[in-house]
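Novice: model this:
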Amino acid sequence: MNYKSTRNSKNIVTPSQAILQGLATDGGLYVPESFPSFDLNWEILSQYTYQEMAHFILKPFLSDFSDEQLKRCIELAYDNKFDTEVIAPVVDIDVKHYHLELFHGSTIAFKDMALSILPHLMKTSAEINNNYNDILILTATSGDTGKAAMAGFSDVPGTKIIVFYPKGGVSSIQEQQMLTQTGDNTHVVSIVGNFDDAQTEVKNLFNDSVLRDELQSSDSQFSSANSMNIGRLVPQIVYYFYAYAQLVKQGKIDAGSEIDFSVPTGNFGNILAGYYAKRSGLPIGKLLCASNDNKVLYDFFQDGEYNRQRDFILTISPSMDILVSSNLERLVYHAVNEDSERLSDLMEQLDTKGHYTLTDEEQAHFSIFLSDYVTEAQTKEEINIVYRKTGYIMDTHTAVASRAWRNLNQEGLSTNPAVIVSTASPYKFPEAVLVALGVEAETLTDQELLDKLNELSNIPYPPAIEGLLEAERLHDTTIEVSDMREFVRSIAK
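Specialist: Numbering: from 1, shown residues only. Purely as a prediction, here's the structure:
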């Protein structure tokens, strides 16, 4: 399998080359030339460990990796960094209602699922291509990618990583996780602006030919740890298959029957992985695209117009506070029958006019998707309702997906057994969760917040939280978006 750019279908690279580049040199995103057809024998697959499922799914997507290389990457990624041998357990919430917990890794967010393996995929990709360049990883984060990426790449030889995040746009725990990150090659910088500002400038830097040539002259190159990199995206396909296998093993569903997934969605990478799982044969009925008050994706699925010209709203689910969803480009590329010229024209409209609209024929491609948006009040209400009914506490992003599924289920639109994709531990957003549960949390310190959440949930402190608040802050830089380029140049020297 090879990968081609959304902006130029003749720009074709191998899997390892796509991972090393991160973004295509023409400004596009790499997509698979085709999708594999798996022999889905669920009697066998239901007995697979997460590591075995990862090898089964990733093998055709990473076709220039040898079996030995791929297995080594998987073994190094999915080890005791996770607090459960299951890695990504599916838990019962109610009848035909389950949560896929993706927060058992070292930074208690779903980004660990892919960012635990990306450094090993990138290192192996360099070996495959006899590439001895130093790799400078640029990443914009809305809260979780940054910490998970830095944790994965910390002190990895031949790499440097710079993470940009919006000042005031992440939770205090998320910020503390990033600012205390160790590693001589890690750099985290807050910017005056929002996530979209950071992500747009990161893309501009990738596409800056002068800067790229400067790096090349010093035997360096850019790559990305965002889900724009297929090395981030493809490993996320694994847990959709693994969730299905667990439900078969537990006798919750019959092999071959359809299930729905509800996904809290911001940059569209997580739900796109579900779409790619569907294209690869997984029996998914519907993918529920759950938005918060920044409902640009909800509006898009309603009428086919993507319009980023709206107010940016800071919410209690900050990792979803995004108005320019980068990975949607991949889905739109498939919707326009992989017509690069049409796709490029739409992206140009988005850049220059702030919006674009698909034709009715192109919109018909989205029949697998349902969408809903959930207000901040509804998010809090959902946390409270589920806790009072079941004793289960979820974070503010998972609650958006849970409420969206509940709404669509009541409307008769999502009737299959449903898996809520649970993207973060409630310990990541303790104040918002406690307020939702009726606790007067506004005056509590971070430690008091964590202690109170521990008392109510009976969930042990994750290793990621132990000692976090006492850890020394090692990074303390805030810059304007216009200064990001010079900061990157200073680190690249």
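Novice: residue 438: how many residues sit nearby?
Specialist: Close neighbours of residue 438, defined as other Cβ atoms under 10 Å, add up to 11. C-beta here means a position set from N, CA and C on the backbone, and glycine is covered the same way.
Novice: does it sit in a helix, a strand or a coil?
Specialist: What DSSP: H, G, I helix; E, B strand; the rest coil gives for residue 438 is coil.
Novice: shouldn't it be in contact with residue 384?
Specialist: Yes: between residue 438 and residue 384 there is a contact under Cβ atoms under 8 Å: 6.9 Å.
Novice: in stretch 172-190, what's buried?
Specialist: Residues 173-181, 183, 185-190 are the ones in stretch 172-190 that count as buried (16 or more other Cβ atoms under 10 Å).
Novice: which among those gets closest to residue 21?
Specialist: residue 185 (19.7 Å; Cβ to Cβ).
Novice: measure the closest one to residue 491 for me?
Specialist: Distance, residue 185 to residue 491, by Cβ to Cβ, to the nearest Å: 9 Å.
Novice: now for the two: what residues contact both?
Specialist: By Cβ atoms under 8 Å, 6 or more residues apart in numbering, residue 185 and residue 491 have these common neighbours: residue 160.
Novice: all the helices of the stretch 301-450 of the chain, residue numbers only.
Specialist: Applying DSSP state H, counting those that start in this stretch to the stretch 301-450 of the chain gives helices spanning 328-335, 340-353, 360-363, 376-390, 396-410, 430-436, 446-457.
Novice: ok, residue 105 - contacts?
Specialist: Counting by Cβ under 8 Å, 6+ apart, residue 105 touches 81-82, 112-113, 116, 148.
Novice: and the furthest pair within those residues?
Specialist: Most distant of the contacts of residue 105, by Cβ to Cβ, are 82 and 148, 12.5 Å apart.
Novice: more crowded one of the two?
Specialist: With neighbours defined as other Cβ under 10 Å, residue 82 and residue 148 compare such that residue 148 has more, 29 against 20.
Novice: does that one really touch residue 112, like I thought?
Specialist: Yes: the pair residue 148 and residue 112 passes the contact test of Cβ under 8 Å, sitting 5.2 Å apart.
Novice: list the residues that contact both of those two?
Specialist: Joint contacts of residue 148 and residue 112 (Cβ under 8 Å, 6+ apart) are 105-106.
Novice: how much space separates residue 405 from residue 386?
Specialist: For residue 405, the distance to residue 386 - Cβ to Cβ - is 11 Å.
Novice: which of the two has more neighbours?
Specialist: residue 405 (26 against 23).
Novice: contacts only, for the more buried one.
Specialist: By Cβ under 8 Å, 6+ apart, the residues touching residue 405 are 97, 260, 262, 288, 290, 414, 418, 420.
Novice: again with residue 415
Specialist: Contacts of residue 415 by Cβ under 8 Å, 6+ apart are residue 409.
Novice: and for residue 36, the neighbour number?
Specialist: That count, for residue 36 with other Cβ under 10 Å as the rule, works out to 15.
Novice: residue 248: which of the helices of the stretch 301-450 of the chain is closest?
Specialist: Closest to residue 248 of the helices of the stretch 301-450 of the chain is helix 396-410 (Cβ to Cβ; 20.5 Å).
Novice: can you pull out the helices in the stretch 1-150 of the chain?
Specialist: In the stretch 1-150 of the chain, the segments counted as helices under DSSP H, counting those that start in this stretch are 15-21, 42-45, 50-61, 67-77, 111-115, 118-128, 145-153.
Novice: what would those look like in JSON lines with mean pLDDT and distance to residue 340?
Specialist: Output for these, formatted as JSON lines (pLDDT from 0 to 100; distance: least, Cβ to Cβ, whole Å):
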{"stretch": "helix 15-21", "mean pLDDT": "97", "distance to residue 340": "16"}
{"stretch": "helix 42-45", "mean pLDDT": "98", "distance to residue 340": "35"}
{"stretch": "helix 50-61", "mean pLDDT": "98", "distance to residue 340": "21"}
{"stretch": "helix 67-77", "mean pLDDT": "97", "distance to residue 340": "30"}
{"stretch": "helix 111-115", "mean pLDDT": "95", "distance to residue 340": "26"}
{"stretch": "helix 118-128", "mean pLDDT": "95", "distance to residue 340": "24"}
{"stretch": "helix 145-153", "mean pLDDT": "92", "distance to residue 340": "27"}
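Novice: select, out of the ones you listed, the one closest to residue 346.
Specialist: helix 15-21 (22.0 Å).
Novice: how far does that closest one sit from the chain's center?
Specialist: Put simply, helix 15-21 sits 18 Å off its chain's centre (Cα atoms, centre = their mean, to the nearest Å).
Novice: name the helix or strand for the nearest residue to residue 138 once chain neighbours are set aside, please.
Specialist: Spatial nearest neighbour of residue 138, excluding adjacent residues (Cβ to Cβ, 6 or more residues apart in numbering): residue 202 at 5.1 Å. According to DSSP states H and E, residue 202 maps onto helix 195-206.
Novice: now that helix: buried residues?
Specialist: 195-203, 205-206.
Novice: can you state the direction angle for that helix and helix 340-353?
Specialist: The directions of helix 195-206 and helix 340-353 differ by 120 degrees, with axes from the mean of the first three to the mean of the last three Cα atoms, to 10 degrees as the criterion.
Novice: what packs against helix 195-206?
Specialist: On a contact count with 3 or more Cβ pairs under 8 Å, 6 or more residues apart in numbering; DSSP states H and E, helix 195-206 meets strand 134-140, strand 159-166, strand 220-224, helix 484-492.
Novice: and the average pLDDT for that helix is what?
Specialist: Helix 195-206 comes out with an average pLDDT of 93.
Novice: check stretch 307-323 too.
Specialist: Per-residue scores along stretch 307-323 average to 94.
Novice: run through who's touching it.
Specialist: 109, 142-144, 168-171, 174, 194-196, 199, 264-267, 291-294, 296, 299-300, 324, 350, 354-355, 376, 379-380, 396-397, 399-400, 423-424, 429, 432.
Novice: same check on stretch 351-365?
Specialist: 303-309, 332, 334-336, 346-347, 349-350.
Novice: so which bits of that stretch are buried?
Specialist: Under 16+ other Cβ under 10 Å, the buried positions of stretch 351-365 are 355-356, 358, 362-363.
Novice: from those, which single one is nearest residue 453?
Specialist: Distance to residue 453, by Cβ to Cβ, is smallest for residue 355 among the buried residues of stretch 351-365, at 40.5 Å.
Novice: ok, now how distant is residue 465 from residue 451?
Specialist: Taking Cβ to Cβ, one finds residue 465 at 11 Å from residue 451.
Novice: neighbour-wise, which of the two wins?
Specialist: residue 465 (21 against 14).
Novice: give the contact list for the nearest residue to the more buried one once chain neighbours are set aside.
Specialist: Nearest in space to residue 465, with sequence neighbours left out and distances taken as Cβ to Cβ, 6+ apart, is residue 427 at 5.3 Å. Going by Cβ under 8 Å, 6+ apart, residue 427 touches 108, 173, 450, 453, 459, 461-462, 464-465.
Novice: now list the buried members of those residues.
Specialist: 108, 173, 450, 453, 462, 464-465.
Novice: using a markdown table, lay out those residues together with distance to residue 2 and pLDDT.
Specialist: A markdown table is the format used below for these (distance: Cβ to Cβ, whole Å; pLDDT from 0 to 100):
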| residue | distance to residue 2 | pLDDT |
| --- | --- | --- |
| 108 | 35 | 95 |
| 173 | 41 | 92 |
| 450 | 47 | 93 |
| 453 | 47 | 95 |
| 462 | 39 | 90 |
| 464 | 37 | 87 |
| 465 | 42 | 87 |
